[in-house]
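# Show me the folded form of this:
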Amino acid sequence: MVVSRAAGRFARRRSFLPTRYARSRLPARASLHHGNVMSWVAGEERVERIAQFGIRQRVDDDPERDTKTVVWGGRSSIDADIDDLLADLPAHLGWHVTIDVDVLDPAYMPSTGTPVPGGFSTPELIDLVCRLVSRRRIVGVDIVELIGEGEGAQRSALAAADVLARTLDAALRPSAHRLTGTAWSSH
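A predicted model of the protein is given here:
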């Protein structure tokens, strides 16, 4: 869940720390960059599943699946049934969540590495991530691709802080949701 245009990438973690993993466990190659770390992570045998939500520059159609990775492109996950999304996140796994802020529309997140129109609003991202993390065991959360300078930097930092605080609250709140399967509500 470390890189490129995803609202929430989830990867199984035993001792998996993506930010450290990218530096210490992967071969040193010029071809390794922020846009392809997930391909490297998918090759790790300890990682059982990667789910990506909000990948853009693609059409909003049915999710793509292979044996390890599922991709819910564009805005397809926003209106999807929560049970359909959770079906792609096996409950027996611990999940590391990386939130790449360039999934947000530039109106909400202008200070990011790859601002692309048509992204999520901040409330949409918060709602999606909180509905997911409240129903799974979360072992780590990070935010990437926030650039702290330029026009809109303060607004972007506040949006990222809001997303992170609400994600952590939903993930850490003692909850029967993980046991009963009831949905989290942001209202």
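# What residues of stretch 87-106 count as buried?
88-89, 93, 95-106 (16 or more other Cβ atoms under 10 Å). In short, each C-beta sits where N, CA and C put it, glycine included.
# cool, stretch 138-145 as well?
Neighbour counts using 16+ other Cβ under 10 Å place 138-141, 144-145 of stretch 138-145 among the buried residues.
# out of the residues you listed, what pair is the most spread apart?
The most widely separated members of these are V139 and E145, with 21.3 Å between them, by Cβ to Cβ.
# closest to E44 among the buried residues of stretch 87-106?
The closest of those, once distances to E44 are taken by Cβ to Cβ, is H96, at 12.2 Å.
# so which strand or helix has V97?
Assessed by DSSP states H and E, V97 sits inside strand 94-100.
# Can you name every helix or strand that that strand contacts?
Under the contact criterion of 3 or more Cβ pairs under 8 Å, 6 or more residues apart in numbering; DSSP states H and E, strand 94-100 touches strand 8-12, helix 122-133, strand 137-144, helix 153-172.
# I50: which of these is closest?
Closest approach to I50 among the helices and strands packed on strand 94-100 is made by strand 8-12 (5.1 Å; Cβ to Cβ).
# just to revisit the earlier point, could you dump the helices and strands packed on strand 94-100 to JSON lines with distance to M38 and mean pLDDT?
JSON lines is the format used below for these (distance: least, Cβ to Cβ, whole Å; pLDDT from 0 to 100):
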{"stretch": "strand 8-12", "distance to M38": "7", "mean pLDDT": "40"}
{"stretch": "helix 122-133", "distance to M38": "17", "mean pLDDT": "95"}
{"stretch": "strand 137-144", "distance to M38": "12", "mean pLDDT": "91"}
{"stretch": "helix 153-172", "distance to M38": "19", "mean pLDDT": "95"}
